[in-house]
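Asker: Sequence first, then the predicted structure, then my questions.
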Amino acid sequence: MTAGQQAPEKMIFQLTLRRRGVSDQAVLRSMEQVPREEFVQAADRDDAYRDGALSIDCGQTISQPFVVAYMTEQLRLQKHHRVLEIGTGSGYQAAILSRLSRQVVTIERYRTLADNARARLAKLGYDNVEVILGDGFDVPASAGTFDRIIVTAAMEQIPDALAERLEPGGILIAPVGPHHGVQTLVRLTRTDTGFDQKELVDVRFVPALPGIAREL
Ligand code: SAH
């Protein structure tokens, strides 16, 4: 596909995000710059800029672009932030975050997905992203604390141990609800005395499951 053919598709992509209410210029720029076609399966490349979720390896999905942009906007990222993502999947959300922050640590429970995302992000030059094979319900203590945490798999509730990883003033966003059904995007903000919680919009994510996957 030539650049000339791709342009209108990317223009519509940007317009769709704006029409749906994404207005943060830095987030829109990041969505414009990260090549989503590199993160989807080869057979889906022509659909990379449609506003829909797509299947990736291990029965997982790359999220719908609007949801990626919306969650990123709600994180209110600053350039100096250190960010934790749970659920690397294709690495697309991590790439978007990496343009807007200092460092991204992303955890994935499938070795195939973690290895592929690590290689893809390195090849594309997103060198401030660290991909870890691990369990987001059991983040290694050595990972430290974070200014922002984004969970991209559905949790029945937000584990206290995860919220405790937030720096004061930090923000965590996660889809919370039943594994198979509609979840609500929840935003937790760490205050001096505890946590403020706000419910944002309804979403559908694949479930967060405990432990490193036994299958590859
Ligand atoms: N953010 C991804 C899409 C996430 S799909 C992207 O941009 O492509 C959700 C991912 O969360 C899946 O890859 C799934 O394997 C992973 N996941 C589920 N439970 C997990 C856990 N406990 N720890 C780490 N990753 C988990």
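Answerer: Alright, I've got the coordinates.

Asker: which element is the residue positioned nearest the centre of the chain on?
Answerer: Most central in the chain under CA atoms, centre = their mean is residue 93, positioned 3.6 Å from the mean C-alpha point. Using DSSP states H and E, residue 93 sits within helix 92-98.

Asker: That helix packs against which elements?
Answerer: Applying 3 or more CB pairs under 8 Å, 6 or more residues apart in numbering; DSSP states H and E, we find helix 92-98 packed against helix 25-33, helix 65-74, strand 82-86, strand 103-108, helix 111-123, strand 129-133. Glycine gets a C-beta too; all of them are placed from N, C-alpha and C.

Asker: Give me every residue in this protein lying close to the ligand.
Answerer: 60-63, 86-87, 89-90, 92-93, 107-110, 113, 135-137, 152-153, 206, 208-210 (CB under 6 Å from any ligand atom).

Asker: So among the residues you listed, which ones count as buried?
Answerer: Neighbour counting over the residues of the chain next to the ligand (16 or more other CB atoms under 10 Å) leaves 60-63, 86-87, 89-90, 92-93, 107-110, 113, 135-137, 152-153, 206, 208 as the buried ones.

Asker: re earlier: tell me which residues are up against the helix holding residue 93.
Answerer: The contact list for helix 92-98, computed with CB atoms under 8 Å, 6 or more residues apart in numbering, reads 27, 30-31, 34, 36, 39, 62-63, 68-69, 71-72, 75, 77, 83, 85, 87-88, 104, 106, 117, 121, 124, 126, 128-129, 131, 150, 152.

Asker: hmm, 6 Å instead?
Answerer: Contacting residues not belonging to helix 92-98 are listed as 30, 34, 39, 62, 68, 72, 83, 85, 104, 106, 126, 128-129, 152 [CB atoms under 6 Å, 6 or more residues apart in numbering].

Asker: Could you do stretch 163-172 as well?
Answerer: 75, 145, 146, 147, 148, 149, 188, 189, 190.

Asker: again, only this time at 10 Å
Answerer: 74-77, 81-84, 86, 139, 141, 143-151, 158-159, 162, 174, 186-192, 194-197 (CB atoms under 10 Å, 6 or more residues apart in numbering).

Asker: same deal with stretch 108-116?
Answerer: 39, 56-60, 85-91, 94, 106-107, 117-118, 131-137, 152-153, 208-216.

Asker: Give me the longest strand you can find in the chain.
Answerer: Secondary structure of the chain per DSSP state E: the longest strand is strand 166-176.

Asker: what's the average pLDDT for that one?
Answerer: What strand 166-176 shows for mean pLDDT is 98.

Asker: quick one, the helix or strand bottoming out on mean pLDDT in the chain and helix 25-33 angle?
Answerer: Sorting the helices and strands of the chain by mean pLDDT, DSSP states H and E puts helix 3-19 at the bottom, at a mean of 83. Here helix 3-19 runs at an angle of 150 degrees relative to helix 25-33 (axes from the mean of the first three to the mean of the last three CA atoms, to 10 degrees).

Asker: Can you tell me the closest non-neighbouring residue to residue 130?
Answerer: Residue nearest to residue 130 in three dimensions, not counting chain neighbours: residue 105, with 5.0 Å by CB to CB, 6 or more residues apart in numbering.

Asker: ok, what's across the strand from that neighbour?
Answerer: When bridges are called by DSSP bridges, residue 105 pairs up with residue 84, residue 130.

Asker: My read is that it contacts residue 131, right?
Answerer: Yes - the criterion here is CB atoms under 10 Å, and residue 105 meets it with residue 131 at 8.4 Å.
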